[in-house]
Each structure stands twice: as C-alpha cells, then as structure tokens.
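Enquirer: based on what follows, work out the 3D shape:
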Amino acid sequence: MTLNVFNTDTEVLAALAAYFADRAKEAIEAKDRFAVALSGGSSPKKLHELLVSEYRDIIEWNKVFFFFGDERDVPLTDSQSNYLMAKQTLFDPLGIDPAHVFPVQTDLGAEEAAKQYTEKIADFFDGEKAEFDLIILGLGDNSHTASLFPHTSVLHDESASVQALYIDEVKMNRITFTAPLINNAEHIAFLVYGQGKAEAVKHILEDDTNVEEYPAQLIKSTDVQWFLDDPAASALQKR
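Expert: Here you go, the predicted structure:
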C-alpha cells in the first residue's frame, strides 16, 4: 500500500491521471489491451475531464476496455447511473467504441444483472483469472468503497464475482464487485479528497481491522495506491 498525498485536489487528480496513463501504456505494451474498472460518484468526473483534455493523444484509447466496479440499480439513462456519468464525461468526448464499454445491464433487475456481469467478465478474461489491470475506487464517508457498505452480507462473500444487494442506508439496490474480485486486480487506486473523508481514511488505514464498520479495509492487493489531498489525509498519524 502506497500513500500519495498532495496539497490540493487538482494535484491529486493530475497524479492519478498520470498513473492511469502509465498503467495503460504498461498493459498495452504487455498484452495489447488495458482493462480498467471505473468508479462511480462525483469525484471521478474531474479525472475523466482531465484524461480527455490532457491524455487524448497519449493513451491508445482504442485498446482500452471499460468496466464498472459498481452500479446503482437504475436505468442507464438515469442521472444516478455511473455508466451515464462516464459516457458523458469520458466515452463520448473520446469517441470510445461502444464495444469496448461494458455497462451493467440494470434493465434485467439487480440479481440477474449481477449474474450476467459476472459471466461477462469471465468471458472477457476467457475463463482465466479475472485480473483487471486497474480498478479505480472511491471512499464514502462511512468507509464504504464500490458498493461494499457497512454491515452488508456481501462483505463476507469470498467469490471473485459481481453481487446484488439492497442497501438500507440509501434505500436502493446496488450491483458491486466483491472484495475478492477487486483484490485480483494488478493495480488498485483510491481517489479520495476533501476534509469530509478524513475520518474514513483514518479508519481504513490506521484503525484496528473491523470490516463490518470499515468495509474498505477489505481491499488488500499487491499494489494499492491511495491518492489523497492534505485535508483527506489530515487525521492520519503516519504520513
């Protein structure tokens, strides 16, 4: 696990965009494709805009394949859809081939959508270990990541799969990568900025293990990079 702490959110986003580009170059040189799972929420919007403006001609976008670490159980045209946000801020501006984008088919219902997405990922990796080149994650102020929310049964799912769950906290069904599927990734990057995330960051990185309360503690892989600004890192004792 590596901490990358910067003075401002602008610097955080610039660093993560550069990291994204480096991982893309590395993967494309090694296997002629880059498989990435995107994060939802509001934080990645600025990252997408930066990738579009600064890396349009640097990354071989025709060799990038996009998945989603989690999705809300809403139509893909709904304003709350993670897919729609990425489509508007990344895919459309870059002219990404729709065949390279794998949205969660929420019109099937959460359970069936999760099952189909697990199968779609297995097909993409030809039945081999589902090892994404990069998974980008956010962090909620309640210490959740993807849709791994506190006190939900998915926290104890040991399969590398996609699961559906109802989250009472937000009164909504969600579809999410399990922790084992996330941990299969070659590289994982947390994008976290703002004072409001400081306590959650401390819980994940420095408190005793309690995955029921702090689900993002489940994310442990060979290369986990945290991209933080000073306010988000302000509660940490060790920097």
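
Enquirer: packing partners of the lengthiest helix in the chain?
Expert: The residue-count maximum for a helix in the chain (DSSP state H) belongs to helix 9-31. Where contact means 3 or more CB pairs under 8 Å, 6 or more residues apart in numbering; DSSP states H and E, helix 9-31 is packed against strand 2-6, strand 34-38, helix 43-54, strand 134-137, strand 188-192, strand 224-229. Every C-beta, even on glycine, is put in place using the N, C-alpha and C of the backbone.

Enquirer: got the contact list for the next helix or strand after the shortest one?
Expert: When you say that, I think you mean strand 134-137. Next along the chain after strand 134-137, taking DSSP states H and E as the criterion, comes strand 162-167. With contact meaning CB atoms under 8 Å, 6 or more residues apart in numbering, strand 162-167 is reached by 73, 104, 110-111, 113-115, 117-118, 121, 147, 149, 152-154, 157, 172-178, 181.

Enquirer: export strand 162-167 as PDB, just CAs?
Expert: Taking Å, rounded to 0.1, in the frame of the first residue of the first chain, the C-alpha atoms of strand 162-167 are listed here in PDB:
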ATOM      1  CA  VAL A 162     -20.400  -9.400  -9.000                       C
ATOM      2  CA  GLN A 163     -23.200  -9.400  -6.500                       C
ATOM      3  CA  ALA A 164     -26.500  -7.600  -6.000                       C
ATOM      4  CA  LEU A 165     -27.600  -6.300  -2.600                       C
ATOM      5  CA  TYR A 166     -30.200  -3.900  -1.100                       C
ATOM      6  CA  ILE A 167     -28.600  -1.200   0.900                       C
END
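
Enquirer: what comes up buried for it?
Expert: Residues of strand 162-167 classed as buried: 162-165, 167 (neighbour count, 16 or more other CB atoms under 10 Å).

Enquirer: so for it, mean pLDDT?
Expert: What strand 162-167 shows for mean pLDDT is 96.

Enquirer: kindly report the same for stretch 34-54.
Expert: When pLDDT is averaged over stretch 34-54, the result is 94.

Enquirer: next: stretch 205-219.
Expert: Averaging pLDDT along stretch 205-219 gives 97.

Enquirer: now the end-to-end length of that stretch.
Expert: Stretch 205-219 has an end-to-end distance of 11 Å (CA to CA, to the nearest Å).
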